[in-house]
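J.: here's a sequence, model it:
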Amino acid sequence: MAKKRSYEELYADLEATITELEDGELPLEDAVKLYERGIALAGQCQQLLDSAELRIQQLMDGSLSPFDPAS
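T.: This next block holds a predicted model:
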């Protein structure tokens, strides 16, 4: 099973993908594949952000207890 990647790792890969695409030196087919990869990475980043936002909202609403390492 693949290791779950952090937001920071995914975002760094997305930035590298964007930089490579902006360089404009790729053949069209490679650029399209890289674009698809970028879309997938952006989606994964968005899912992690949405999850974090939901957790923060639940903490603020009191519907989720903060993490207690002592328990």
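
J.: and the residue nearest the centre of this structure?
T.: The central residue of the chain, meaning the one whose C-alpha is nearest the mean C-alpha position (C-alpha atoms, centre = their mean), is C45 at 1.7 Å.

J.: what residues of the helix or strand of the chain with the lowest mean pLDDT count as buried?
T.: Within the chain, confidence by mean pLDDT, DSSP states H and E is lowest for helix 28-61 among all helices and strands, at a mean of 94. With burial defined by 16 or more other C-beta atoms under 10 Å, the residues of helix 28-61 counted as buried are L34, G38, L41, Q44, C45, L48. C-beta here means a position set from N, CA and C on the backbone, and glycine is covered the same way.

J.: wait, which of these is closest to D61?
T.: Nearest to D61 out of the buried residues of helix 28-61 is L48 (C-beta to C-beta; 20.5 Å).

J.: contact partners for the closest one?
T.: The contact partners of L48, by C-beta atoms under 8 Å, 6 or more residues apart in numbering, come to Y7, L10.

J.: ok, 7 Å please
T.: Neighbour list for L48: Y7 [criterion: C-beta atoms under 7 Å, 6 or more residues apart in numbering].

J.: try R5
T.: Applying C-beta under 7 Å, 6+ apart, one finds that R5 lies in contact with no residue.

J.: got the phi/psi numbers for it?
T.: R5 adopts backbone torsions of phi -90, psi 150, taken as degrees, to the nearest 10.

J.: against T19, how distant is it?
T.: R5 is 19 Å from T19, where distance means C-beta to C-beta, to the nearest Å.

J.: try E53
T.: Taking C-beta to C-beta as the criterion, E53 is separated from T19 by 27 Å.

J.: and which of the buried residues of helix 28-61 is nearest to S63?
T.: Of all the buried residues of helix 28-61, the one sitting nearest S63 is L48; the distance, using C-beta to C-beta, is 20.4 Å.

J.: roughly how far does the closest one sit from Q57?
T.: Separation of L48 from Q57 (C-beta to C-beta): 15 Å.
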